[in-house]
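A.B. asks: Quick check, what structure comes out for this input:
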Amino acid sequence: MKVYGIKNCNTVKKALNWLDNKGIAYEFHDYKKSGISLEDLTRWEKQLGWQSLLNKKGTTWRACSPEEQQSVVDSKSALTLMSDKTSLIKRPLIESQNELLIGFNEQEYAQKLGI
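C.D. replies: Sure, this is the predicted structure:
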């Protein structure tokens with residue numbers, strides 16, 4: 001299982017604490033430090049849709065210029081912006097056996113991770 005996110009994000013911290021408390025092993029990928037490939041973003045987008053991946057509620061989106069925000073009109077433009085500004089990717093994103101979970105929801109985690 002691989003968890004993608006940013007270490008100092010509160011939602012990521014909650015998810016990691018939950019996984020730790022359940023004794024679930026995972027590898028953490030901090031895309032703020034390590035970046036993320038366009039291939040990964042494209043694969044996720046095919047399963048979740050770019051609208052689900054793009055975090056429009058965070059400070060990074062609000063810090064984008066109106067031109068940048070208005071330029072996001074489709075998958076290609078969204079993925080390009082997210083690969084440039086990784087903080088725009090909703091988090092955490094968990095990849096486990098071709099299953100993707102986005103955000104943190106204890107019930108969904110328990111159900112989909114078989115806890």
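A.B. asks: from here on, contacts and neighbour counts on C-alpha atoms
C.D. replies: Will do.
A.B. asks: ok now do the nearest residue to residue 29 once chain neighbours are set aside, which residues does it touch?
C.D. replies: Nearest residue to residue 29 in three dimensions, chain neighbours excluded: residue 4, at 4.8 Å (Cα to Cα, 6 or more residues apart in numbering). Contacts of residue 4 were listed using Cα atoms under 8 Å, 6 or more residues apart in numbering, and they are 28, 29, 30, 31, 91, 92, 93, 94.
A.B. asks: where's residue 4, which helix or strand?
C.D. replies: Secondary-structure element containing residue 4, defined by DSSP states H and E: strand 2-5.
A.B. asks: what's the answer for residue 42, then?
C.D. replies: helix 38-48.
A.B. asks: residues making contact with that helix?
C.D. replies: 53, 75, 79, 80, 83, 100.
A.B. asks: what's the distance between the nearest residue to the last one once chain neighbours are set aside and residue 31?
C.D. replies: Nearest residue to residue 100 in three dimensions, chain neighbours excluded: residue 94, at 5.6 Å (Cα to Cα, 6+ apart). Distance from residue 94 to residue 31, counting by Cα to Cα, to the nearest Å: 13 Å.
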